[in-house]
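> Structure for this input, please:
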Amino acid sequence: IALAAGRVLGPAEIGLAAALGQARLAVRPRPRIGVFSTGDELVEPGAHLGPAQTHDSNRFTLLALLAGLPCEAVDLGIIPDHAERTSAALAEAARDHDLLLTSGGVSTGEEDHVRAAIEAAGSLVFWRLAVKPGRPAAMGVLPKAGRDFAGGGTPVVGLPGNPVAAVVCFLHLARPLLLRLAGAAERPLPCYAAVAGFDYRKKAGRREYVRVTLRTEGAVTRAEKFPREGAGLLSSLTQSDGFAELPEDVTQVAPGDPIAVLPFAGML
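Model (predicted):
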């Protein structure tokens, strides 16, 4: 077998098919992914900022992440903090998309309406994870008609509003789901071994993703913790090299400890 089912077709695969004389290949259609941001505080980049407003960044981060995956990404704009309008926007989008991604609106605030909209119209699969950053994440299914990859509805992944948390949850929730919908074989995130160059304490029972910068010392790759931890600090993703993944059973990291690093190169 030259090209097994589930393999994403890139330049090498297409070239190999041509070299083997294959003029046509049977493929799965690209799933259609709708992307929303939520919040009255958000305005489009380039627009004037009013009091207590900020430019929307998550939607564009997610669209850029989707550009490297086998899908058709659709920008669905910003949903305001309004329960009925949130429900209506999700219901309408569920009719002609195969997966919906939202950012924000899944925590416990009075104006967080995404989780409630999923519960009211469909089914909530889970809400909140033992992950830092990324605890207030949700996943559910909304009813739809017509083409249906999921066999019963349109899945919705409600990502956190904080940018770094949104990226973490996208990589671990939305990415594998999207690949499954596309018929692609599982593609684990790149991961390699490093040694810690920092001290760190964490709670047991929670998986944490710590931003690190990397440097090579001979045959050893050393990871240094990024000095700031805020999940809203999007610039930290441009000033560091990857996430150190600290499993649930780890409570302390000391310099020299072996750790696993998910490098941004190849992911972001």
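> Please name the residues that touch residue 160.
103-104, 106-107, 133-137, 166, 169, 231 (Cβ atoms under 8 Å, 6 or more residues apart in numbering). Every residue, glycine included, has its C-beta placed from N, CA and C.
> switch the cut-off to 10 Å
For residue 160, the contacting residues are 58, 103-107, 129, 131, 133-138, 166-170, 231-232, by Cβ atoms under 10 Å, 6 or more residues apart in numbering.
> from those, which would you call buried?
58, 103-107, 129, 131, 133-138, 166-170, 231 (16 or more other Cβ atoms under 10 Å).
> Which of these fall within helices?
Residues from the buried ones among the contacts of residue 160 lying in helices, with DSSP state H as the criterion: 58, 166-169.
> Tell me how far residue 54 lies from residue 176.
For residue 54, the distance to residue 176 equals 30 Å [Cβ to Cβ, to the nearest Å].
> of the two, who's got more company?
residue 176 (15 against 11; other Cβ atoms under 10 Å).
> Show me this structure divided up by domain.
26-181, 192-263 (automatic domain parsing).
> Show the average pLDDT along the last one.
If I follow you right, that is domain 192-263. For domain 192-263, mean pLDDT rounds to 96.
> same question, the first one
With pLDDT averaged residue by residue, domain 26-181 scores 93.
> Between the two ends of it, what distance do you get?
16 Å (Cα to Cα, to the nearest Å).
> do the same with the shortest one
The first residue of domain 192-263 is 8 Å away from its last residue (Cα to Cα).
> Please state the offset of it from the chain centre?
19 Å (Cα atoms, centre = their mean, to the nearest Å).
> what does the longest one give?
For domain 26-181, the distance between its averaged C-alpha position and the chain's averaged C-alpha position is 10 Å (Cα atoms, centre = their mean).
> what's the longest helix in this structure?
Max-length helix for the chain by DSSP H is helix 83-95.
> who touches it?
32, 34-36, 38, 74, 76-80, 82, 100, 102, 105, 111-118, 120-122, 140-147, 153-156, 158.
> among those residues, which are in strands?
32, 34-36, 38, 74, 76-79, 100, 102, 140-142, 154-156, 158 (DSSP state E).
> Out of those, which end up buried?
Among the ones in strands among the contacts of helix 83-95, those classed as buried by 16+ other Cβ under 10 Å are 32, 34-36, 38, 74, 76, 78-79, 100, 102, 140-142, 154-156, 158.
> For residue 4, which of the domains of the chain is the nearest?
Nearest to residue 4, of all the domains of the chain, is domain 26-181, at 12.5 Å by Cβ to Cβ.
> Could you tell me how many residues sit around residue 250?
Neighbour number of residue 250 under other Cβ under 10 Å is 18.
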